[in-house]
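K.L.:
After the sequence you'll find the predicted model.
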There are 2 protein chains.
Amino acid sequence: MSVKVGVVGGGQLARMMIAPAVEIGIELSVLAEEPDMAAGLAATAVGDYRDAQTVLDFARGVDVVTFDHEHVPQDVLAALVAAGVAVHPGPGPLAFAQDKLRMRERLEALGMPQPEWAAVADAAQLQAFLDAHGGRAVVKTPRGGYDGKGVRVVRAAAEAADWLGALGEGDRLLVEELVDFVRELAQQVARRPSGELRAYPVVETVQRGGVCAEVIAPAPHARERLPEVAAGIGSAIAEGLGVTGMLAVELFETTDDRLLVNELAMRPHNSGHWSQEGAITGQFEQHLRAVLDLPLGDPSPRAPWSVMVNILGGPTEDALTDRLPRVFAEHPAVKVHTYGKAPRPGRKVGHVNATGDDLDAVVYEARAAAALFAD
Amino acid sequence: MSVKVGVVGGGQLARMMIAPAVEIGIELSVLAEEPDMAAGLAATAVGDYRDAQTVLDFARGVDVVTFDHEHVPQDVLAALVAAGVAVHPGPGPLAFAQDKLRMRERLEALGMPQPEWAAVADAAQLQAFLDAHGGRAVVKTPRGGYDGKGVRVVRAAAEAADWLGALGEGDRLLVEELVDFVRELAQQVARRPSGELRAYPVVETVQRGGVCAEVIAPAPHARERLPEVAAGIGSAIAEGLGVTGMLAVELFETTDDRLLVNELAMRPHNSGHWSQEGAITGQFEQHLRAVLDLPLGDPSPRAPWSVMVNILGGPTEDALTDRLPRVFAEHPAVKVHTYGKAPRPGRKVGHVNATGDDLDAVVYEARAAAALFAD
């Protein structure tokens, strides 16, 4: 059977596939953007993922190619497929992750609940949307955004003048209503090529400055049918878009008790890091199983509550390891995950996971441990 | 702080340190005996651990040297210490793991409960021990045995004639009473150089043909004070011998309700593989913390019951991966660990872990999954 997985991209998501790959006995290789990246231990090549020949050379000898991110260009993906390489997720679903306008169109066709949205080509169209939606809206560049980049809340068309001015012939911006939400949720689903699908419990995500700061699994105080509805949305999108591997659906829970799809990610996702210790099958093992078309593992939680808190870049390169003694001494039950990345302010350089029976205690443990890395 | 750990030996124990090393952000390097060993992913050197220069070269640049096995000769260990390398466990405690006669002498001095034993130099001395112990005894070569090798049950001195004949001047064999035990247990303890000590729950181990076949954690049906007594024995030995890192104490539970020390292992141990998913801090992470003198993690179980069943070598090289689809499909909650080793009959090539609330169900899951690899 196929047991060699090649991952394009050497970031922390590729890094966190190393542990389950070693456990199950999967040979993992990584095409890293630079030497000494987070997934450097498994790097077999360093090169530009936008260059088809580089990626084709890397893919030689692996059974499946998958990804640390969704940025591999469609022409490179097409070259892989043409060369007979199994690519999961495939170019089709990735096109929706790479273009938020196409994603909105497709989700609408699938009948998925989403914020009101429009494609706008000029200031007049944007202003018309603003006028129809209380004078506020979220403008997004369809391509290239992540972690809050390429996303802007505007109250007048002029505030997006730079983006509008840069649009090429036929290009449009995505504009969405500013949703009145009580909180953000995330639904993860694993799907493998032969169709099997497994939904994780829906989680609550806390964003700060456009970056995921904290995740509580499962989402507390969930209304009766919310978990079922969220899992249904996740499953319908995975099937409707033909996603293989892990899919994360970011959701708004509105003040009027609706769930609306915010963003999609077709890879392991920050909202699922809790599952490394918190679920029977962590999302990184599940992703490897899924892209290899192996039967999926049990996504059930191991404990009533799991909490993940991100560690955002500290001041010095050794800050993380310097703090380990104190974190370990004060929080012997917290699990520390670091990414081997040089810290920069606001950069995700690691996370901590905690699990337990009492949510207050688990949240406290995870926050307190993460805070020791940041102070 | 120190974050580079060098492991001498490229077997499965070194391999299973890779996952926690990546998680915490410890740089792990391995001196492997051969290319493509179990821990090959982390191998930075291939060479003979009995050669001092090879090991010294390997140790350059790491902060701590630790081990996949206890077989590194004392002169090599002494050379490391003389060169200023931190070695954990150190040559002192390792000498007891390397020589079962010295171990028995030292445990006697510490007042530890053990089988009756003697050092015998010739057939007459062995026969005298046999006559005094019901005509049966276990004869052991003090050095070089593992997994049942170098151990023999005899009913007459003649049955050890080959070993007796091979003894050099001053050499002796170890002879021990054949203990009437109801079962075997194992107590693991982690101890770090600055003295902190953490005991895992005592577990039941099932041996077949001298090889560990199955482990149940914690040991079921334990008499009231048994866990406390076992932890006390483990802690006393770790402190008395100055062990750093993981220590496993194999114990007999006798028909008259005593605990007797059978063997010691100064490294992560097969009896602790359950802890990878079954404990908050698995033994491989704990070993790394301990040898780096970092505060130890919580060894508490994550679930009421954990069961580990070894996978013993199948007929073909690809047998393990060929069976994964069926194992995953039928046992979605079982965790599979493989060692990347070419299967040979009876060789440990992997294990499965299962956890849960109901011991019967957990034992069934683990046994059934492991059996799929073996059939």
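P.N.:
Received it, and whenever you're ready, just let me know what you need.

K.L.:
Specify the angle between the helix or strand containing residue A:14 and helix B:12-24 in degrees.
P.N.:
Using DSSP states H and E, residue A:14 sits in helix A:12-24. Between helix A:12-24 and helix B:12-24, the angle comes out at 160 degrees (axes from the mean of the first three to the mean of the last three CA atoms, to 10 degrees).

K.L.:
Buried ones in helix A:12-24, by neighbour count?
P.N.:
For helix A:12-24, the neighbour count (16 or more other CB atoms under 10 Å in any protein chain shown) marks A:12-24 as buried. All C-beta spots, glycine's among them, are computed from the backbone N, C-alpha and C.

K.L.:
any idea how far that helix is from the chain center?
P.N.:
Distance, stretch centre to chain centre, for helix A:12-24: 16 Å (CA atoms, centre = their mean, to the nearest Å).

K.L.:
likewise stretch A:155-164?
P.N.:
28 Å.

K.L.:
what about that stretch, average pLDDT?
P.N.:
The pLDDT scores in stretch A:155-164 average 95.

K.L.:
do the same with stretch A:94-110
P.N.:
On average, stretch A:94-110 scores 97.

K.L.:
gap between the two ends of that stretch?
P.N.:
Length of stretch A:94-110, first residue to last, CA to CA, to the nearest Å: 17 Å.

K.L.:
ok, of the buried residues of helix A:12-24, which one's closest to chain B?
P.N.:
residue A:19 (3.6 Å; CB to the nearest CB).

K.L.:
wait, isn't the closest one in contact with residue B:18?
P.N.:
Yes - at 7.4 Å, residue A:19 counts as touching residue B:18 under the criterion of CB atoms under 8 Å.

K.L.:
Give me the most central residue, chain A.
P.N.:
residue A:269 (3.2 Å; CA atoms, centre = their mean).

K.L.:
The helix-or-strand element of chain A with minimal mean pLDDT and chain B, are they touching?
P.N.:
Across the helices and strands of chain A, mean confidence by mean pLDDT, DSSP states H and E is lowest for helix A:319-330: a mean of 90. Yes - among the residues of helix A:319-330, A:320, A:321, A:322, A:324, A:325, A:328, A:329 lie within reach of chain B under CB under 8 Å from any CB of the partner chain.

K.L.:
Most neighbours of all those residues, which one?
P.N.:
The most crowded member of the residues of helix A:319-330 next to chain B, judged by other CB atoms under 10 Å in any protein chain shown, is residue A:320 (24 neighbours).

K.L.:
give the contact list for that one.
P.N.:
A:311, A:314, A:338, A:343, A:349, A:350, A:373, B:25 (CB atoms under 8 Å, 6 or more residues apart in numbering or on different chains).

K.L.:
Could you do residue A:197 as well?
P.N.:
Neighbours of residue A:197 in contact, by CB under 8 Å, 6+ apart: A:189, A:190, A:191, A:235, A:238, A:239, A:296.

K.L.:
Please tell me I have it right and the fourth one contacts residue A:199.
P.N.:
Yes - counting by CB under 8 Å, residue A:235 touches residue A:199, with 6.0 Å between them.

K.L.:
what pLDDT, on average, does stretch A:178-186 get?
P.N.:
96.

K.L.:
what comes up buried for it?
P.N.:
For stretch A:178-186, the neighbour count (16+ other CB under 10 Å) marks A:178, A:179, A:181, A:183, A:184, A:185, A:186 as buried.

K.L.:
so which strand or helix has the fourth one?
P.N.:
Using DSSP H and E, the secondary-structure element containing residue A:183 is strand A:181-191.

K.L.:
is any part of that strand close to chain B?
P.N.:
No - using CB under 8 Å from any CB, we find that strand A:181-191 stays clear of chain B, coming within 11.4 Å at best.

K.L.:
which element follows that strand toward the C-terminus?
P.N.:
Following strand A:181-191 in sequence, per DSSP H and E, is strand A:197-199.

K.L.:
For the nearest residue to residue A:34 once chain neighbours are set aside, list each beta-bridge partner.
P.N.:
Among residues not flanking residue A:34 along the chain, residue A:46 sits closest, at 6.4 Å (CB to CB, 6 or more residues apart in numbering or on different chains). Residues in a beta bridge with residue A:46, per DSSP bridges, are residue A:32.

K.L.:
who in the stretch 151-300 of chain A is up against chain B?
P.N.:
Counting by CB under 8 Å from any CB, the residues of the stretch 151-300 of chain A lying close to chain B are A:280, A:281, A:289, A:294, A:295, A:296, A:297, A:298, A:300.

K.L.:
So of the residues you listed, which two are at opposite extremes in space?
P.N.:
A:294 and A:300 (18.1 Å; CB to CB).

K.L.:
Can you pull out the low-pLDDT segments for the stretch 151-300 of chain A?
P.N.:
Residue ranges of the stretch 151-300 of chain A with pLDDT under 70: none are present.
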